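Asker: what shape does this take:
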Amino acid sequence: MAPQEVVAAFLDRGATAATAESLTAGLVAAALAEVPGASGMLRGGVVSYASEVKAALLGVSPELLAEAGSVDAEVARQMAQGARAACGADYAVATTGAAGPEPHDGKPVGTVFVAVAGPHSTSVREHLFRGGRADIRSAATQAALAALRSAVVADTP
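Answerer: Numbering: from 1, shown residues only. Take a look at the predicted model:
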């Protein structure tokens with residue numbers, strides 16, 4: 001998904017976006033910010049690599065993190081909802097997963113959860129990407145951009 005398409009979809013609808021990123025560590029926000037005019041839709045983002053940051057800045061349940069670990073669908077959902085609230089955005093996308101080289105929280109390398117929180121609902125999708133660390137992070141970034149665009153387009157009356 002081209003970041004230009006995401007930015008254009010948001011600008012066309014007068015909507016704003018935020019990011020909450022773990023394994024992508026800012027790649028999604030950076031891809032959006034590369035597009036001229038992105039300041040009209042990108043509110044901000046939180047890179048939350050550590051579980052403590054996910055809890056403190058995004059409001060992810062510490063109990064959930066202790067029980068499920070950070071590579072989890074509900075963690076992704078709470079991250080997206082937390083970023084939406086923290087940044088005052090209409091939509092927020094979150095990424096969490098295991099980029100490798102070792103499994104993380106019992107999840108195999110390549111497991112990625114992408115969540116999008118919007119004004120009406122929050123959705124989460126699990127992916128299993130192949131390749132090395134850079135490949136997985138790139139694929140997760142692309143999945144996050146596509147999910148963000150799909151959400152804003154789907155919510156258009």
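
Asker: show me the strands in the protein, by range?
Answerer: 17-21, 42-47, 91-97, 111-117, 122-128 (DSSP state E).

Asker: out of the ones you listed, deepest packed?
Answerer: strand 91-97 (a mean of 31; mean count of other CB atoms under 10 Å). Bear in mind the C-beta positions are built from the backbone N, C-alpha and C, glycine included.

Asker: hang on, His127 packs against Lys107?
Answerer: No - the criterion here is CB atoms under 8 Å, and His127 misses it with Lys107 at 11.5 Å.

Asker: hey, which helix is longest across this structure?
Answerer: helix 133-154 (DSSP state H).

Asker: spit out the contact partners of the closest residue to Leu42 other than its chain neighbours.
Answerer: Sequence neighbours aside, Leu32 is the residue nearest to Leu42 in space, at 5.1 Å (criterion: CB to CB, 6 or more residues apart in numbering). Applying CB atoms under 8 Å, 6 or more residues apart in numbering, we find Leu32 in contact with 3, 6-7, 17, 19, 38, 41-42, 145.

Asker: please repeat the previous calculation with a cut-off of 10 Å.
Answerer: 3-4, 6-7, 10, 17, 19, 38-39, 41-42, 45, 93, 144-145, 148 (CB atoms under 10 Å, 6 or more residues apart in numbering).

Asker: do the same with Leu57
Answerer: Residues in contact with Leu57, defined by CB under 10 Å, 6+ apart, are 20, 46-48, 79, 82-83, 86.

Asker: ok, what's across the strand from the residue nearest the centre of the chain?
Answerer: Closest residue to the average C-alpha location of the chain: Ala94 at 1.9 Å, with CA atoms, centre = their mean. In this entry, Ala94 is beta-bridged to Ala20, Ala115, by DSSP bridges.
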